Each structure stands twice: as structure tokens, then as C-alpha cells.
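In: this is the structure alone, sequence omitted:
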């Protein structure tokens, strides 16, 4: 007879404790925080039938104007193949439309429609609540500024496109 091994979950620390807290590896802590926030975003956007990658794409299009699918993929750290699916879904929904570049026939611009801007506004209402909750994690404004600086510096330091741009 094989004896079943039971997992003792009392040895697993909660987020913020042990190696899941301030004594943990920095890369793991970034991943843990990202995963926790990602779940919150997914739940907040679910009843709008919007995924976090779709929200990110729509937000970047609205923030930066007309973008190509390749530019959008780089901005959102997604592969071109994944971005093509996201663009197709947003286009089917009427949130974005494609327009040919005036000079370069092979470049197709993506731009938000009125439907897309309304959808983004609905998403922002939900996401802003998560942003506000994130801000409460900083006990003083200087902490929030330090975290913003740190995260931007990490993204800049590890930007996968930076090496290609330097060639």
C-alpha cells in the first residue's frame, strides 16, 4: 500500500513573510507583486470582457495616437503574434480600426474608435481603483516616487529592445 504524502501548507509563508517578504529575492518579489496585481486587473476587467493585454493595447493606442501593430507589441512587451490576436479581437469589437500609412503602403496604423475610447474609459474606472490601492502601499509620497523610479529604471535596464536599437 502506497502512503500518500500530505502537503504541510503551514510551512509556506504568506505574501510579505519569509522569502516572500523583504528578505526574499528581488526578482521573485517583483514577480510576486506583478502576479498579485495582474489577478486584480483580470478580475476588475472580466465583466467588461476585456483582458489585461487588450486593455494595455487600447490604452497605448489612446495615449500615443496611431501606432503600428509592431510598435504596439514593443510598447506592451508582447510578441507580434500575440499582438495580432489582440488587435483582431479589438477590431472585431469595434474598439480600434486600421488605416493605411499615407507614405508607406506596408505600414498599417491602428487607431481607437469612439467605441474604443468609451471602453477604455470604463476600464480606467475599474483600473483606477487598483491604482489607488497600489498607492496606499506607499506610506509617504517619497516612497511612491522611489518605487516609480526603481520600476522605470528596471524596465530601462532590462529593455529587450535596447540592444537591438544600439546596433
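Out: In hand now; what should we look at? None of the values given here were measured: they were computed from a predicted structure.

In: mind checking how far the helix ranked longest in the chain is from the chain centre?
Out: As assigned by DSSP state H, the longest helix anywhere in the chain is helix 114-136. Centroid displacement of helix 114-136 relative to its chain, using CA atoms, centre = their mean, to the nearest Å, is 13 Å.

In: can you list the residues that contact that helix?
Out: The contact list for helix 114-136 (CB atoms under 8 Å, 6 or more residues apart in numbering) reads 37, 40-41, 44-45, 48, 50, 55, 58-59, 61-62, 90, 93-96, 112, 144. Every C-beta, even on glycine, is put in place using the N, C-alpha and C of the backbone.

In: just those residues: which are in helices?
Out: Judged by DSSP H, the contacts of helix 114-136 include 37, 40, 41, 44, 45, 55, 58, 59, 61, 62, 90, 144 as members of helices.

In: of these, grab the buried ones for ChimeraX.
Out: Buried residues among the ones in helices among the contacts of helix 114-136 (16 or more other CB atoms under 10 Å), as a ChimeraX selection:
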select :40,41,44,45,55,58,59,61,62,90
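
In: check the ones in helices among the contacts of helix 114-136 and tell me the two furthest apart.
Out: Spatially, the most separated pair among these is 90 and 144, at 31.3 Å (CB to CB).

In: so where is this protein shaky, pLDDT-wise?
Out: Scanning the chain with the threshold set as pLDDT under 70 gives 1, 163-167.

In: repeat the analysis, applying 90 as the threshold.
Out: Scanning the chain for pLDDT under 90 picks out 1-13, 16-17, 19, 65-66, 100-107, 138-141, 159-167.

In: and the gap between residue 87 and residue 131?
Out: 25 Å (CB to CB, to the nearest Å).

In: ok, these two, which is more surrounded?
Out: Neighbour comparison, residue 87 and residue 131: the larger count goes to residue 87, with 22 against 10 (by other CB atoms under 10 Å).

In: find the residue closest to that one in space, skipping its chain neighbours.
Out: residue 69 (5.5 Å; CB to CB, 6 or more residues apart in numbering).
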